[in-house]
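Q: Based on what follows, work out the 3D shape:
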Amino acid sequence: MPDQSPSSFLARLERPEPLILDGATGTMIMKEIPGFRGCNESLNLERPDLVLRVHRAYIDAGAHIIETNTFGGSALKLEEYGLAASCEKINERAARIAREAAGESGVFIAGSMGPSGKLIEPLGETRVSAAYESFAAQARGFARGGVDLVIIETMNDLLEAKTALRAVRDISPVPVICSMTFEPGGKTLTGTGVFTGLATLAECGAGAVGINCSMGPDGILALYRDHIDELRRIGVPLTVWANAGLPEFSDGLAHYHLSPEEFARYSMEFVRMGIRVIGGCCGTAPEHIAALRKRCGSCTGPLLEARPEHRFITSRYRALDLSSHEGLVLVGERLNPTARKKFAQELKAGQNAFLREESRKQEAEGAHVLDINVGVPDIDEAASMRSSISILGGLVKTPLMIDSDNPAVIEAALELYPGVGIINSVNGKKKSMEGVIPLLARYGSFVVALCLDESGIHRDASRRIAIGERLLDSLAAAGVSPGRVFIDPLMLAESAEPGAAMETLSVIRHFAARGIRTSLGISNISFGLPARKHINTVFLNMALEAGLSAAIINPSAVRIIDAPTGDERLAEAFLTGRDQGAGAYIRHFREKEAAEQGAPAAAAGGTEGDL
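A: Numbering: from 1, shown residues only. Presented below is the predicted three-dimensional model:
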């Protein structure tokens, strides 16, 4: 029997010849049963002979992959016909019919998973958890029926596509193709662009990504031409199955008029672009697939180069490519109630004016990512985080950093977040690792890993490095690639721990030299000192030179130093140990303040006791 393991399908994608996918099942059912308006998926139980004939017709036409008759086979979709309770049975039976049709041919069996037909929160009323359970029931049926891969297709909403992908990956190790449908302008109906949508799904574990439905091959071809250079950066195989032209409606039915030869001719361009899977969607029939196989099946296209593993942080509307980003990734720090009384008060009152205003401000000030923390005593933190994610997900384009040490709060955010975010944070303590690491592997997020464990936070670089290395090992053992990790050395107050600043830079240099990204919250370094912005600015520039990747900071306060001011030179002297105890620094600002107020300056010494 042919090798139909997941690895064999993925290996086949690496060959230069494209795989030919079958065409429309619904179109064939309408030909077999004219006027049929029932549930196509019920035919897997009621008319398996008909479904079998459809599959064999596509196999005879030359398809390398056939899809199960389950496009509307999720529990939520079947609920419209009163068949939700039969979801697993219908999908298992569909997979077995397809397997019977394929026999010993070596044709791959793909479980077809279409959208639920519901609007998922926060855009609609259907809970993400309900969508997940609906897709999970379908995936369990596929697993029992023995599919070789799953195709999640015709998705308009990025969060729904992500949820379906998570459900499949939780249940089965088979490869998954995720395909979205876009309008001619290059956006889904819920506003996600081609690159952002496909990059997000690739980061979340899709083995291949692409575009299907909505247009004929000419329309999808135009989208691929517009985006192919950036799509190649995603680094996973690309796919396409187009309609047989644009539909024309009569008697309430859609009719498609693109001939098999025209369909195949357009599709040659996809081969030349290096698209790995090419098939047919609405209106296509075995004749279209036969023409496609004849014209394209033995042609070759360029193969993708291996990509850096894990590089895209995304929202519903934007993708940040960490591999090509120049300079520091600025993480806006102001959505944190710890030092912002107004935000804390609004969180307790269930209000969101501060959240809305500050998120927009930080985005306008140049933040690349926004940190969101809702940790206020005596509130339902998970509910507050869900509310904040719902608002921010549609309000700003900037990707988010989920800031909590509570795994339940983190998961509440991850379930609802439509993009690929950063989790802040995990640390070397057993409780943290056991609670957070499984979420990272499951949801595909990036993570800030703090250099602390049960022994605390250490001044010396060597001890922080050792903790960071152990964290990387633990994360890798759980399936979290180093490419998803930002090591945070943690910033001690230099006034309390003299020399800690230079030790922190040593930690950054160590991990930067290994190709590991680093992150740091800057402001704590200046705690207890006057004119803190100068110390923060100087140290930020030192850290950037040492190889710092990201900083959690007020984006409006960032200054890249070309020529230091006198205040900044004093800050540098303190940080480098030339002004021990910050005596000169403190004296300078006391005198400056006194001069501004017209009063004599108080005496200033040179020890920590003066702080």
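Q: Shouldn't Glu333 be within a strand?
A: Yes - applying DSSP: H, G, I helix; E, B strand; the rest coil, one finds Glu333 inside a strand.
Q: show me what contacts it?
A: If a contact means Cβ atoms under 8 Å, 6 or more residues apart in numbering, then Glu333 has 371, 521, 523, 552-554 as its contacts. Where C-beta positions appear, they are placed from N, C-alpha and C, glycine not excepted.
Q: switch the cut-off to 6 Å
A: 371, 552-554 (Cβ atoms under 6 Å, 6 or more residues apart in numbering).
Q: Same question for Ile97.
A: 48, 51-52.
Q: Asn373 now?
A: 336, 403.
Q: before we move on, the earlier item: name the nearest of the contacts of Glu333 relative to Arg470.
A: Ile552 (22.9 Å; Cβ to Cβ).
Q: Quick one: residues in contact with the helix or strand containing that closest one.
A: In this structure, Ile552 sits in strand 550-553 according to DSSP states H and E. Strand 550-553 has contacts (Cβ under 6 Å, 6+ apart) with 328-329, 331, 333, 371, 486, 519-522.
Q: centre of the chain versus that strand, how much separation?
A: Distance of strand 550-553 from its chain centroid, counting by Cα atoms, centre = their mean, to the nearest Å, is 20 Å.
Q: hey, C-alpha coordinates of it in PDB?
A: In PDB, the C-alpha atoms belonging to strand 550-553 read as follows (Å, rounded to 0.1, in the frame of the first residue of the first chain):
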ATOM      1  CA  ALA A 550      12.500  44.600  22.100                       C
ATOM      2  CA  ALA A 551      11.900  47.100  24.900                       C
ATOM      3  CA  ILE A 552       8.700  47.600  27.000                       C
ATOM      4  CA  ILE A 553       8.700  51.400  27.200                       C
END
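Q: Check Leu303 and give its pLDDT.
A: As predicted, Leu303 sits at a pLDDT of 79.
Q: can you confirm Thr200 is in a helix?
A: Yes - assessed with three-state DSSP, Thr200 lies in a helix.
Q: returning to what we had before: and which of the contacts of strand 550-553 is nearest to Arg12?
A: For these, the minimum distance to Arg12 (Cβ to Cβ) is 35.5 Å, reached by Phe486.
Q: show me what contacts the residue most central in space within the chain?
A: Compute the mean C-alpha point of the chain, and by Cα atoms, centre = their mean the closest residue is Val420, 2.5 Å away. Residues near Val420 by Cβ under 6 Å, 6+ apart: 200, 203, 313-314.
Q: rerun that using 10 Å as the cut-off
A: Neighbouring residues of Val420 by Cβ atoms under 10 Å, 6 or more residues apart in numbering: 162, 196, 199-204, 310, 312-315, 319-320, 399-400, 414, 443-446, 484.
Q: Among those, name the ones in strands.
A: 312-314, 319-320, 400, 446 (DSSP state E).
Q: Please tell me how far Leu10 sits from Glu17.
A: Going from Leu10 to Glu17 by Cβ to Cβ, to the nearest Å gives 15 Å.
Q: go on, Arg532?
A: Arg532 is 62 Å from Glu17, by Cβ to Cβ.
Q: Bridged to Thr239, which residues?
A: Gly210, Val277 (DSSP bridges).
Q: these two touch, right, Ile171 and Glu133?
A: No - under the criterion of Cβ atoms under 10 Å, Ile171 makes no contact with Glu133, lying 11.5 Å away.
Q: Now neighbour count and pLDDT too, for the contacts of Ile97, in JSON lines please.
A: Listed next are the contacts of Ile97 as JSON lines, based on neighbours: other Cβ atoms under 10 Å; pLDDT from 0 to 100:
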{"residue": "Pro48", "neighbour count": "16", "pLDDT": "98"}
{"residue": "Val51", "neighbour count": "27", "pLDDT": "98"}
{"residue": "Leu52", "neighbour count": "16", "pLDDT": "98"}
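Q: Let's see which of those residues end up in helices.
A: Using DSSP state H, the subset of the contacts of Ile97 located in helices is 48, 51-52.
Q: What are the boundaries of the strands in the stretch 501-611 of the chain?
A: 517-521, 550-553 (DSSP state E, counting those that start in this stretch).
Q: Put together TSV for those, with distance to Ser474, mean neighbour count and mean pLDDT on each row.
A: Output for these, formatted as TSV (distance: least, Cβ to Cβ, whole Å; neighbours: other Cβ atoms under 10 Å; pLDDT from 0 to 100):
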stretch	distance to Ser474	mean neighbour count	mean pLDDT
strand 517-521	17	24	98
strand 550-553	21	24	97
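Q: Could you dump those into CSV with distance to Leu158 added?
A: Formatted as CSV, the strands of the stretch 501-611 of the chain follow (distance: least, Cβ to Cβ, whole Å):
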stretch, distance to Leu158
strand 517-521, 24
strand 550-553, 24
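Q: Out of those, the one nearest Pro122 is which?
A: Across the strands of the stretch 501-611 of the chain, Pro122 has its closest neighbour in strand 550-553 (25.7 Å, Cβ to Cβ).
Q: so where is this protein shaky, pLDDT-wise?
A: Where the chain drops to pLDDT under 70, the residues are 1-7, 251-252, 305-308, 599-611.
Q: Number of residues surrounding Glu269?
A: 18 (other Cβ atoms under 10 Å).
Q: dump the residue contacts of it.
A: With Cβ under 10 Å, 6+ apart, Glu269 has these contacts: 217-218, 220-221, 224-225, 240, 275, 296, 301.
Q: Which ones among the residues you listed lie within helices?
A: Using DSSP H, the members of those that fall in helices are 217-218, 220-221, 224-225, 296.
Q: among those residues, which ones are buried?
A: 217, 220-221, 224, 296 (16 or more other Cβ atoms under 10 Å).
Q: TSV for those residues, including distance to Met155?
A: Shown next, in TSV, are these (distance: Cβ to Cβ, whole Å):
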residue	distance to Met155
Pro217	19
Ile220	15
Leu221	20
Tyr224	17
Cys296	25
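Q: does Gly38 really touch Leu45, like I thought?
A: No - if you go by Cβ under 10 Å, Gly38 and Leu45 don't touch, sitting 11.9 Å apart.
Q: So which of the two has more stuff around it?
A: More crowded of Gly38 and Leu45, by other Cβ under 10 Å: Leu45, with 16 against 11.
Q: Run through the residues that contact Ala139.
A: 74, 88, 91, 111, 113, 147, 150, 152, 164, 166-172, 174, 176.
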